[in-house]
Structure formats: C-alpha cells, structure tokens
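Enquirer: Sharing a sequence plus its predicted fold:
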Amino acid sequence: TAVMNVCADAGQCTQTLRVHRSMLQDGHPPTADTCNAAIRSCDGPRWREQLELLQEMRRRGLQPNAAALNAAVCRCSAADQWRSALELMSSMWERGFQPDA
C-alpha cells in the first residue's frame, strides 16, 4: 500500500497501475486502499482506467473513498463523460460523501 500511495501522490498513473497488476499476478488481492491509490493517481485521459478500477472494487466488495470518487468525477467531467460523472456523484451522495468536483 505504501508504494501505491507514493506513486499516487506523485501522479504516476502508469507506475501505480503496473504495481496494481503485479500484485494481482502475484496472487495478492487488491485492498480498498490500493485501489483508491490507483484511482487517485490517474489523470488526464485515464478516466477509463479509473472506471475499470471502480468496477473491480465493486466486484470484490471494496468501497472507494471520497478522494478516489472525487478524482474519478473530475476526470470524467474533464473528458466530457457527463453520464459517468453524474453516476459517480450520485454514488457519493448515497454514501454520505460530499463531491468537491
């Protein structure tokens, strides 16, 4: 988790996703913290990766945090993916999070 957070804080999406995939290949299931870090690290046109990570979290019964959801809302909005952004915001409100995007 520490490596993922360092990569996320540095905005290193490619490296963060590489570590995430490596963990999966090595048989280490992701945690909410590692997925949240991976989502936060992705910027610009990487909104698809964020949505895929959120779907993976749902399949595994993991809960995204407010920072990860806000990051995904911002990226989807910037990419004119309004439907996805609104769905994410609705999800945030249902969880009691306040969107800041």
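Expert: Nice, thanks for sending it over.

Enquirer: After the lowest-mean-pLDDT helix or strand in the chain, which helix or strand is next?
Expert: Least confident helix or strand of the chain, by mean pLDDT, DSSP states H and E, is helix 2-9 with a mean of 86. Note on helix 2-9: by DSSP states H and E, the next helix or strand toward the C-terminus is helix 13-25.

Enquirer: related to what we said a few turns ago, just the buried positions in the least confident helix or strand of the chain, please.
Expert: For helix 2-9, burial by neighbour count (16 or more other Cβ atoms under 10 Å) applies to 4, 5, 7, 8. C-beta coordinates here come from the backbone N, C-alpha and C atoms, glycine included.

Enquirer: So the second one is in contact with residue 38, correct?
Expert: No: in this structure residue 5 lies outside contact range of residue 38 using Cβ atoms under 8 Å: 10.1 Å.

Enquirer: With only the CA atoms kept, save the least confident helix or strand of the chain in PDB.
Expert: Only the C-alpha atoms of helix 2-9 are listed here, as PDB (Å, rounded to 0.1, in the frame of the first residue of the first chain):
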ATOM      1  CA  ALA A   2       2.800   2.400   0.800                       C
ATOM      2  CA  VAL A   3       4.300   2.000  -2.700                       C
ATOM      3  CA  MET A   4       0.900   2.600  -4.300                       C
ATOM      4  CA  ASN A   5       0.400   5.800  -2.200                       C
ATOM      5  CA  VAL A   6       3.800   7.200  -3.000                       C
ATOM      6  CA  CYS A   7       3.100   6.600  -6.700                       C
ATOM      7  CA  ALA A   8      -0.400   8.100  -6.400                       C
ATOM      8  CA  ASP A   9       0.900  11.200  -4.600                       C
END
